[in-house]
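J.: What would the 3D arrangement of this be:
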Amino acid sequence: MSTTRFLTGITTTGTPHLGNFVGSMRPSVAASLTPGVQSFYFLADYHALIKCEDPARIQRSTLEIAASWLAAGLDTAQVTFYRQSDIPEIPELTWLLTCVTGKGVLNRAHAYKASMDKNSAAGREPDDGVTAGLFMYPVLMGADILMFKAHKVPVGRDQIQHIEMARDMAASFNHLYGEHFVLPEAAIDDHVATLPGLDGRKMSKSYDNTIPLFSSRSQLKRLISGILTDSRMPGEPKEVEGSALFQIYQAFASPDETVALREAYAEGIAWGDAKELLLERVDQVIAPMRARYEELIQNPARIEKTLLEGAERARALATPFMRELRSAVGLRSLVQASATAQPAKAAKAARPSFKQYREADGKFYFKLIGADGRLLLQSHGFDAPKDAGQAIGQLQKDTAKALQALAARLAPVDGVHQSDVLAALQALADAADAD
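T.: Numbering: from 1, shown residues only. Coordinates of the predicted model:
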């Protein structure tokens, strides 16, 4: 049986909440037990430095998140569980990838664009307060993924762009230096629950509406009591649609229990009684884990030992792979034989290619990647995949005429001339004729 590698990172900037458990921890722990799957879970503390300048908070968050995953049932004998900063090969790989990644690609990263848009709306300079760390975030994420040759990366739809960028980095490096990296794919599970918070919006630290995963029972009761409900009185039928209380209950209850609460809503259950049911159901799931969590939190040396053991397993893969990559780019002993044949062979086989994908805004995009791995052409969003596909077909068939006709649907790419695009399109046409 072939093995599929999954990789998941958790940024160490906050305290885990019920939404993290339902949306990430619980399904990831279950997935780690699947035959034929090799799982990598890491604490992304380098990424945390981009968002947080409080050392104590990062250290505390690292402890809390590690303890949460272990308390939730993560079996470190079955997975590789490590702290990002314990793997020095990752920042080294980040630099190698930086050298094959176009600035124009990073200019389009969602987080960077959002920061610029926020500055522009406030009348500030576009790059005001933007660090190089924020700008380079996608490259570090690419290194996290590519270092361990991950096949699948579970992400939300807002993170798909980063996986596409990691694929582009891998393709560019492979083109220049031979086949070293696996091209990762985003793993999207639309059935994974997204919990609402206390105010009905998505549960998020950004909205300050979370229920900490390992709240004490008294704190859990107080927070659940504060969940936003409507003004319907006891005895009045209530709607489950849009009810944060019902959605949270459903995420922890069995199908039969969910049906029972749905019927109770229709019969006019009092909000106080519904909240009491939710408290009991959530606490029934969380209480055993809470006891394990408290034990772990009181023993940070045990968690540290677990993370260092995970780092040792991770480095057993990363160290020889980094040695291979250093040699590939020429960072090798002066007495080592030159090895240029393989990259030359890879370059000969490389062709331009179109890539079509869906972004977090729900629209469909495509881009043209040159034989050298450069981004040559980038579309604006299309409402339907067939529209994007038809535009690609038009470009492959009519080239120069299609470029002019589709100009309004194409975004400029820094440093790329139309002659480069035309040459790539012609190369595609020639390759199609040869095939």
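
J.: going forward, measure contacts and count neighbours with C-alpha atoms only.
T.: OK.

J.: Work out for me the element Tyr365 sits within.
T.: Here Tyr365 is covered by strand 364-369, with elements defined by DSSP states H and E.

J.: So which elements touch that strand?
T.: Secondary-structure packing of strand 364-369 (3 or more Cα pairs under 8 Å, 6 or more residues apart in numbering; DSSP states H and E): strand 353-358, strand 375-379, helix 385-398.

J.: most packed of these?
T.: strand 375-379 (a mean of 22; mean count of other Cα atoms under 10 Å).

J.: Any buried residues in stretch 85-102, and which?
T.: Across stretch 85-102, burial judged by 16 or more other Cα atoms under 10 Å covers 85-87, 89-91, 93-94, 96-98, 100-102.

J.: quick one on the thing from earlier: contacts for the strand holding Tyr365 next, please.
T.: Outside strand 364-369, the residues that touch it by Cα atoms under 8 Å, 6 or more residues apart in numbering are 352-359, 375-385, 388, 392.

J.: on that earlier part again, quick one: which two of the buried residues of stretch 85-102 are the most distant?
T.: Using Cα to Cα, the pair of the buried residues of stretch 85-102 lying farthest apart is Asp86 and Gly102, separated by 28.0 Å.

J.: contacting residues around Leu278?
T.: Ile224, Leu245, Ile248, Tyr249 are the contacts of Leu278 under Cα under 8 Å, 6+ apart.

J.: Does it belong to a helix, a strand or coil?
T.: For Leu278, the assignment made with DSSP: H, G, I helix; E, B strand; the rest coil gives helix.

J.: Report the separation between it and Ala114.
T.: Using Cα to Cα, to the nearest Å, Leu278 is found at 37 Å from Ala114.

J.: Repeat that for Gly226.
T.: In this view, Gly226 and Ala114 are 32 Å apart by Cα to Cα.

J.: what's the answer for Ala405, then?
T.: For Ala405, the distance to Ala114 (Cα to Cα) stands at 30 Å.

J.: How about Ser68?
T.: Distance of Ser68 to Ala114, given as Cα to Cα: 31 Å.

J.: What of Asp158?
T.: Per Cα to Cα, Asp158 is found 12 Å from Ala114.

J.: what residue of this structure is the furthest out?
T.: Centroid-distance maximum for the chain: Gly235 at 44.5 Å, with Cα atoms, centre = their mean.

J.: can you tell me which residues contact the spatially closest residue to that one that is not a sequence neighbour?
T.: What sits nearest to Gly235 in space, not counting adjacent residues and going by Cα to Cα, 6 or more residues apart in numbering, is Gly268, at 4.0 Å. Taking Cα under 8 Å, 6+ apart as the criterion, Gly268 is in contact with Met233, Pro234, Gly235, Glu236, Pro237, Lys238.

J.: quick revisit: dump the contacts of Leu278 into TSV; add distance to Asp430, pLDDT and secondary structure as well.
T.: As requested, the contacts of Leu278 are exported to TSV (distance: Cα to Cα, whole Å; pLDDT from 0 to 100; DSSP: H, G, I helix; E, B strand; the rest coil):
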residue	distance to Asp430	pLDDT	secondary structure
Ile224	64	96	helix
Leu245	60	94	helix
Ile248	56	94	helix
Tyr249	59	95	helix
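
J.: The strand or helix carrying Leu63: what's the following helix or strand?
T.: Taking DSSP H and E as the criterion, Leu63 maps to helix 55-71. Counting by DSSP H and E, the element after helix 55-71 in chain order, helix or strand, is strand 79-83.

J.: Relative to that following strand, what are the paired strands and their orientations?
T.: In the sheet, strand 79-83 lines up against strand 37-44 (parallel) (DSSP bridges).

J.: So for the following helix or strand past the strand it pairs with, mean pLDDT?
T.: Tracing the chain past strand 37-44, the next element assigned as helix or strand by DSSP H and E is helix 45-51. Averaged over helix 45-51, pLDDT sits at 95.
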